[in-house]
Every structure is written in C-alpha cells, then in structure tokens.
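K.L.:
A predicted structure for the sequence below; I have some questions about it.
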Amino acid sequence: MNYLIGIHATLGELGAIGFLWIFIELLNPSKKGIKRIKLVSLVALILIILSWISAGWYYVNVYGPSVKPIIKAGPQPWAHAIFMEAKEHIFLFIPFISLLANFVIRKHGRHLINRRKTKTALMILCLFIFLLAMAMALMGYFISSGARAALEAG
C-alpha cells in the first residue's frame, strides 16, 4: 500500500487525540489548562488539515484510479460501497468542525472555567470530533481489508 495511507492515518489520529486531550482538560478546567488547550487545539487543527490534504491527494491520484476498481471487483465490494462512501462525506466535514472548536476555544477560552454551557458544548464538540475520527480509522481498516482480500483472491 501507499505510504500516504500511513501518513494520513497518523496525522488524523494524532489530531483526534488532540481533541480528546481538550475534552479531558475541560473536565476540570484551569487557567493553565486553558493555555494548553489553545495550543493543542491549533496543533490538532493543523494535523487534521494535513491529514485531509494527504488523504485527498491519495484518493485522487492512487485510490480512485487503482485501488477502488480492485476492491469493487473483489470479494468484498461493500468495503468501498459502504465504508468509503461514508468516509468521503465525513472527510469533508471534520476539518470544518475542528476549525469551529478552535474558534470557540480562541474566542471563549477565558470563560470556559466559569461558563458551564459553553464548556459543555465545547466538550461535546471535541468528543464528537474524536469519535468521528476514530470511526474514520475503523472504516479505513475495513477498506484496506477489502483491498487485501481482492489482491489475495486475484
């Protein structure tokens, strides 16, 4: 498989872990913790965007022309039909909600200690980003499994 899959997955999972970190920091926020999450949210956003770019390049240049036809002709065509179709749509969504989380942290950071509703909404958003990214990783596993099954059958 192409090295970009590993780069894409690593960047995306590290970005997702950043949003989990923010969620955990917000369980008991402090002034020091708010400073940390400002940095972590920026790094996580950058990692998500880099994952997005590497995945897009891989999809257009490798997956679409080479891997997709192999999976669709193999014994597990559902790996593309279900999981890649889902990933294609979630893929477009994650960087924007990551940007939203970053914006909320930058705009309301100093209030996250006192404003319970803002803190709770941000925690839900960060947990959602983390869970979506982990679901993407799981779907990537199924897609890779479909490609391996097709190559073994062929």
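P.N.:
Yep, it's here.
K.L.:
Please make it C-alpha for all contacts and neighbour counts, starting now.
P.N.:
Will do.
K.L.:
same question for whichever helix in the chain runs longest, mean pLDDT?
P.N.:
The residue-count maximum for a helix in the chain (DSSP state H) belongs to helix 116-153. For helix 116-153, mean pLDDT is 94.
K.L.:
For it, list every residue counted as buried.
P.N.:
118-119, 122-123, 125-134, 136-137, 139-140, 142-144, 146-150 (16 or more other CA atoms under 10 Å).
K.L.:
so Ile113 touches Lys119, yeah?
P.N.:
Yes: counting by CA atoms under 8 Å, Ile113 does reach Lys119; the two are 7.4 Å apart.
K.L.:
And the helices in the protein, which stretches?
P.N.:
Ranges of helices in the chain, per DSSP H, are 3-27, 31-58, 68-73, 78, 85-108, 116-153.
K.L.:
now the fourth one, how far from the chain's geometric center?
P.N.:
To tie it back to what came earlier, the one meant is helix 78. Computed by CA atoms, centre = their mean, to the nearest Å, the separation of helix 78 from the middle of its chain amounts to 22 Å.
K.L.:
what does that helix contact?
P.N.:
Residues from elsewhere that reach helix 78 (CA atoms under 8 Å, 6 or more residues apart in numbering): Lys72.
K.L.:
The third one now?
P.N.:
By CA under 8 Å, 6+ apart, the residues outside helix 68-73 that reach it are Pro77, Trp78, Ala79, His80, Ala81, Gly146, Ala147, Ala150, Leu151.
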